[in-house]
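Student: okay, structure incoming, though there's no sequence with it:
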């Protein structure tokens, strides 16, 4: 990492602020607000797409209204294929931007524009572009958890489900890689592929907090448990995994692995879909407490937690929080994203 490049310090939103955005509802209030949201989605020809990590109420609501729950790229692809004129994206800001990049003709709204991503914040476009310019011999591959401006500078955008395959393919062509932003995911890919990779040094505020010693103690308590780990986690956590993969891959592993109990090292918002996929199994959040713990996230992204029924209804009433991406940036970001989609299609067509 170039010494001139410094990772900015970020402020994690306080619990009090998160709770102020979405006050607690009684069961009766919740039913009433959900009914209002469903009516407004219908009136406005809008569809709700929600990330695996937002609260259960929003995931349920997306499913109940013909929307979709998935990862960021799949959310955007669904929006592209759905006839609705308005996309409501429950997630963090880069997800709204990704939806707009792929769907420029549609109105894209978010429950809150305050919902950021630590990986995005720790990879400012201006610094990243300068870093890329210092290494013109490298193919730039960026994770989807980045701004539209960073995607516009990249040669390829990837999700965690396809990153290893795409980097392997580039390495076979003799390409040297500049990777951003997640250092843990980058090292994981580097170990698996052997590729020459120069890594940006950001980390996810959720996955970076899982603790090796505490996880070992939890395994002592539950020796029959399987361990499911997202590759944004530190290397020592990955070493303990029975399955490592993207959100959708971990949900699949929960279904197919023989364990009846799982310790899960990713955002606990995923438990809703895991329990849906494997209703007879038990899921436990991997520990974020222990030696050196700060518990900024406690296994749940504080920015994802900013999305709720209250501000979802508000955005449908006001039409606020619309996502815009400058057209010149959008076109360049679409190019790098489309390359990944084309690669994924090539793999599917070849039977991989």
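Tutor: Thanks, I have the structure now. Here the structure is a predicted model, which is why all the values come from computation and not from measurement.
Student: ok, then the element right after the helix or strand of the chain with the lowest mean pLDDT?
Tutor: Ranked by mean pLDDT, DSSP states H and E, the weakest helix or strand in the chain is helix 72-81, scoring a mean of 86. Per DSSP states H and E, the first helix or strand lying C-terminal to helix 72-81 is strand 86-90.
Student: which outside residues touch the top helix by length along the chain?
Tutor: Ranked by residue count and defined by DSSP state H, the top helix of the chain is helix 327-349. With C-beta atoms under 8 Å, 6 or more residues apart in numbering as the test, helix 327-349 has contacts from 73, 77, 97-98, 100-102, 104, 142, 148-149, 151-159, 162, 165-166, 169, 325. Placement of C-beta: from N, CA and C, glycine included.
Student: show me the chain divided up by domain.
Tutor: What automatic domain parsing lists as the domains of the chain is 15-116+303-321, 119-203+331-349, 207-285.
Student: what's the distance between residue 22 and residue 310?
Tutor: Separation of residue 22 from residue 310 (C-beta to C-beta, to the nearest Å) stands at 5 Å.
Student: more neighbours: which of the two?
Tutor: residue 22 (20 against 17; other C-beta atoms under 10 Å).
Student: how near is the nearest residue to that one once chain neighbours are set aside to residue 165?
Tutor: Taking C-beta to C-beta, 6 or more residues apart in numbering, and ignoring the residues beside it in sequence, residue 22 has residue 308 as its nearest neighbour in space, at 3.0 Å. Going from residue 308 to residue 165 by C-beta to C-beta gives 36 Å.
Student: who has more neighbours out of these two?
Tutor: Legend: neighbour count by other C-beta under 10 Å for residue 308 and residue 165, higher for residue 308 (24 against 17).
Student: my guess is that one contacts residue 57. True?
Tutor: Yes. Between residue 308 and residue 57 there is a contact under C-beta atoms under 8 Å: 7.3 Å.
Student: any idea which element residue 127 lies in?
Tutor: Going by DSSP H and E, residue 127 is part of helix 125-133.
Student: next one: that helix to chain centre, how far?
Tutor: 22 Å (C-alpha atoms, centre = their mean, to the nearest Å).
Student: now the angle from that helix to helix 327-349?
Tutor: 60 degrees (axes from the mean of the first three to the mean of the last three C-alpha atoms, to 10 degrees).
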